[in-house]
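Asks: With the input below, show me the fold.
(one chain, ligands or ions: 2)
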Amino acid sequence: MPAPNKSGKSSTAAVRRAPLRLGVNIDHVATLRNARGGVHPDPLRAAHLAIEGGADGITAHLREDRRHISDTDITRLKNELTRPLNLEMAATDEMLKIAIRHVPNACCLVPERREERTTEGGLDVRGSVKTLKPFVAKLQDAGIRVSLFIEPDIKTIEAAAKVGADIVELHTGRYCNLALEHDAAGVAREIERHATAARAAAAAGLEVHAGHGLTYNTVKPIAEMPEIVELNIGHFLIGEAIFGGLSGAVRRMRLLMDEARDDVLRSGRSDR
Ligand SMILES: CC(=O)[C@@H](O)[C@H](O)COP(=O)(O)O
Ligand SMILES: NCC(=O)COP(=O)(O)O
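Replies: Ligands and ions are numbered 1, 2, ... in the order given. This next block holds a predicted model:
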């Protein structure tokens, strides 16, 4: 008897569907909280609501400038979450100490510049192999899985494997920006670039995630890529939560991801 899927209906697809987890990034709940310097809205309450809506994990980015998520948020998330915590951070000694203190399920190393509005590009893995390799090993020695947030680029994937990362997270920002500009040719090019990179990363033995800028309108082509096992989505969901609640927004995103996967199964593309 096929296992029931999220909607409770039995589905053959639910049995054969390649797993696709949803990590909800709660950074911008903290952005709103920090606007008044108080305690409301509480990122931890948002995390619980996201999990109630179907999130498989929570992502939080502890930035060097603490513009949103704080050290206390990380402590509370680690102590109280009922799902894995994915700590996004820069590859610095300060963040290494914090990560080893908390031992999140995973750390995702991201590039950071204080002047940036949000993460602009992927980590320069190729130019940092010598420093990243021992940094990655120290996190792994502490029992933390290590993800590298990268552009969907073959040479960067090769470098990620060289430094011993467990996971690569493909930066979907350029794809999402092109979709916002209704640049159909650019979108098609980016989808192909991500699909090629996902296949190469999986072939290199890396776990493949993707994220940044994903919305209801852009998630499907990425979710259809069977090598991708986790999507990290935040800003859009927190925005949607303002209008209809966070659990509902997460539930809808989860449904779109499952539908995308089922479409792939129905078309037979899942074993490409
Ligand atoms: C790495 C990434 O794409 C996001 O998870 C990151 O957190 C973006 O930074 P802000 O959340 O500060 O926009
Ligand atoms: N790593 C991507 C992430 O966690 C969420 O990015 P966004 O959806 O907030 O742009």
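Asks: going forward, measure contacts between C-alpha atoms and count neighbours the same way
Replies: OK.
Asks: Quick one: the strands in this protein, in order.
Replies: For the chain, applying DSSP state E gives strands covering 21-25, 57-61, 85-89, 106-109, 145-150, 167-171, 207-211, 228-233.
Asks: Tell me which of those strands sits nearest to ligand 1.
Replies: Nearest to ligand 1 among those is strand 57-61; the distance by CA to the nearest ligand atom comes to 4.9 Å.
Asks: what helices or strands is that closest one leaning on?
Replies: Strand 57-61 makes packing contacts with strand 21-25, helix 27-34, strand 85-89 when contacts are defined by 3 or more CA pairs under 8 Å, 6 or more residues apart in numbering; DSSP states H and E.
Asks: Dig out what the residue nearest in space to the middle of the chain forms beta bridges with.
Replies: Geometric centre of the chain, nearest residue: residue 232, 2.4 Å, by CA atoms, centre = their mean. Beta-bridge pairing for residue 232 (DSSP bridges): residue 23, residue 211.
Asks: Quick one, grab the pLDDT at it.
Replies: The model reports residue 232 with a pLDDT of 98.
Asks: Reformat the helices and strands packed on strand 57-61 into a markdown table and put distance to residue 102 and mean pLDDT next to each item.
Replies: A markdown table is the format used below for the helices and strands packed on strand 57-61 (distance: least, CA to CA, whole Å; pLDDT from 0 to 100):
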| stretch | distance to residue 102 | mean pLDDT |
| --- | --- | --- |
| strand 21-25 | 18 | 98 |
| helix 27-34 | 18 | 98 |
| strand 85-89 | 10 | 98 |
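Asks: sorry, back to before: would you mind measuring from the residue nearest to the centre of the chain to residue 26?
Replies: Residue 232 sits 10 Å away from residue 26, going by CA to CA, to the nearest Å.
Asks: anything in contact with each of these two?
Replies: residue 59 (CA atoms under 8 Å, 6 or more residues apart in numbering).
Asks: dump the residue contacts of the residue of the stretch 151-272 of the chain found nearest ligand 1.
Replies: Ligand 1 sits closest to residue 212 of the stretch 151-272 of the chain, with a gap of 4.2 Å, by CA to the nearest ligand atom. Shown in contact with residue 212 (CA under 8 Å, 6+ apart): 171, 172, 173, 176, 232, 233, 234.
Asks: Good, wrapping up.
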